[in-house]
Each structure stands twice: as structure tokens, then as C-alpha cells.
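1. following is a predicted model, sequence given first.
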Amino acid sequence: MTQNRSRTPVSIWKEWDIIDGKRVRAFVVIFRTSGCWWARKEGCLMCGYNAESDSSVGLAEIREQLNRVREAYSNEEFAKIYTSGSFLDTREIPREARTEIFEVFHGAKRILIETRPEFVTEDNLRDLSRDKLELAIGLESASDKTLVKCVRKGFFVREYEKAAKLLNHEGIPLRTYLLLKPPFLTEKDAIEDCLRSISFASRFSESISINPVNVQKGTVVEFLWKRGDYRPPWLWSLVEVLSKAKVEKESRVFSSPTGGGSMRGAHNCFRCDSEVLRSIERFAFSQDKREFDNLCCSCVDRWKAFLETQDLMGTSVDIDRYMNTDWEGE
């Protein structure tokens, strides 16, 4: 059973994305690897992706996974390659595997890979297809204080900036991931932190993906959530961020909330969630802020009161839950 798991990708699916302003089909694979080195040492407070890693995975197992990928790939223009850590960490993806993976996607116009900034070096970029490559880095926040106290990211903003400048110099597009509402921030502070981070990251990024925190199993965030000390962000907060984002150059800002509309993901009152999520999806491709103009629900007033009350009390706890005896947790 364990052997079969190590030779099977975590997941494969297809979706829509954008290349040079054009909507295209994207092939997405999450390779099972030995895992993120930082997760083994300390780990980010909200991240549970390392649960899908397997310490026994090496070159042979990745090649077996690649066989399954080869069967599923249908020449989609965009290939997005994820792991539970960093594609450019040779402890996760050996150089031989890296080359073979890129060969499978030789017909793609764009190949996206994710990495932590410490692995973005001239040597690591040398053997990659520069004309197709796009790199994604999870900055999460442009505040060192937030990175240390609320994310436990294991690097500082200056390290992201160094990697981003190298990618810009090499002409490699950068996609930056930012968090909305890491733990210990009030909803209002989280919105402001995200807006500041968008402005900063837009200096270097072709695109910026806003990732509202979702409650993943076995994480510090889950522990806080179960105690009532954390609530995933309101979808209204995400709409606020997307509608007020200011970029310093033409960066596409978008969001595809994981678990959106569920207790563990970004949500409102559950009555309006589907409609709000559809508008967020439309905005991802249109970049037209008018997508949000006709959104309306009585829970907007609850959201505004939530912002004000947390701010007045100076607390990031889930005030709604403490006042709601019917909360069930899942």
C-alpha cells in the first residue's frame, strides 16, 4: 500500500488559467515527494500539505508518477507542477527527474513550478527551459513581523525580493502567493496587510494569487480554529481586497479560494457564498471590478460589525462563534 502511494501523484486535474492575457486550458499535477524541508524542521502554521509527502520517494518513484502524468496529459498549453515543498529543491525533485518532467511537457507554452526563494539561484535555473518557465513563490506577506509571528515562514521579505529580482533579470515570469488572514491578525488587519503586500509584490510579479487561509488538518491553525481562536476570512474580506488592490505595474491579481464556502474555508453566511465565489472566479479572468457591483446579502452588516468589534476588542478570536451556541465545527 505504502509502495503504491509513493508511486502515485497526490492529484491530477485540469482547469482554466491565463497566458499573456489569453484564457487557456491548464494541466495540473501535484507530485508526491519526500516533502518540504521547512515543514520537517518547523513548518508554516497554516500548511498541512506535508501530510501527502512520503520520505521513501526518490528518483524511481517520481519516474513512476511521471508515467501516470504522461498518460493523463493532453497537450494543454499551460502545465502547472506542484509538490508539497519546492520543485527546485533537489532533495525533493532530483535534477534528472526535473529534466524528464520538462520533457513530458515540451508541447506546453508555459510551465509553472513552485519554490521557496532560497532555491532560486542562477545554478538552479540554468538547466530549465527559460522560454516556457514561470516560477511561483509563496511570499504570504510583505511584513517580516507577519511572516515571523503569524506564518512562521522561515524566511524574510528580503529573501523573496532577492529571488524576485533575479527572476526579473532573467526574464522569467513570477507568480506570487499572498495569504489572506494568517492567524493572530484581526480581519481588518488581515485586509490591510494583504493590500500592502499586493502593492509590494506587484513590483516584481506578473500575477498575484490571493490565498485565503483554509483550515487544514494537523496544523496550528486547526488547533486555534477548534478552540474558537480563529475564523477563516469572510468572502466579503476577499472581495474587499480584490476590489481595492493597487498594483505598481500590470500584475493580474486573482483568487481561487480552497474550500471556499465551507466552514474550513473562506465563507460568509453560506446563503450568498456561491454567488460571491462565482463573481470572484469571473474577476480572475476579466479583471473587471464591476463583477462585484451587484453582490448583496444581509450578512454584509454582520461582516462590518465583525470587523469593528474585533478591532475594538483588539482580538483575533472568532467573536461570532463565542456568541453562537449552535456551532458544530465541521
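-> Thanks, I have it.
2. residues near the closest residue to Glu42 other than its chain neighbours, how many?
-> Using C-beta to C-beta, 6 or more residues apart in numbering and skipping the chain neighbours, the partner closest in space to Glu42 is Arg152 (6.0 Å). Backbone N, C-alpha and C define where each C-beta goes, glycine included. Residues lying near Arg152 (other C-beta atoms under 10 Å) number 17.
3. residues contacting Arg152?
-> By C-beta atoms under 8 Å, 6 or more residues apart in numbering, Arg152 lies in contact with 42-45, 220.
4. now, these that are in helices?
-> When DSSP state H is applied, the contacts of Arg152 are split such that Val220 fall in helices.
5. and the contacts of Arg152, which two are furthest apart?
-> The most widely separated members of the contacts of Arg152, counting by C-beta to C-beta, are Glu42 and Val220 (10.5 Å).
6. so which of those two has more stuff around it?
-> Val220 (16 against 10).
7. please tell me how far the nearest residue to the more buried one once chain neighbours are set aside sits from Asn168.
-> Nearest residue to Val220 in three dimensions, chain neighbours excluded: Leu45, at 4.2 Å (C-beta to C-beta, 6+ apart). Counting by C-beta to C-beta, to the nearest Å, the separation of Leu45 from Asn168 is 29 Å.
8. neighbour count: those two, which is higher?
-> Ranked by neighbour count (other C-beta under 10 Å), Leu45 and Asn168 place Leu45 first, with 21 against 15.
9. which residues are in contact with the more buried one?
-> Applying C-beta under 8 Å, 6+ apart, one finds that Leu45 lies in contact with 150-152, 182-183, 219-221.
10. is it true that Trp13 lies in a strand?
-> Yes - looking at Trp13 with DSSP: H, G, I helix; E, B strand; the rest coil, it is inside a strand.
11. so what's it closest to, chain neighbours aside?
-> Counting by C-beta to C-beta, 6+ apart, the nearest residue to Trp13 once its immediate chain neighbours are dropped is Val28, at 5.3 Å.
12. which element is that neighbour on?
-> strand 22-30 (DSSP states H and E).
13. can you mark which positions in that strand are buried?
-> Using 16 or more other C-beta atoms under 10 Å as the test for burial, strand 22-30 gives 26-30.
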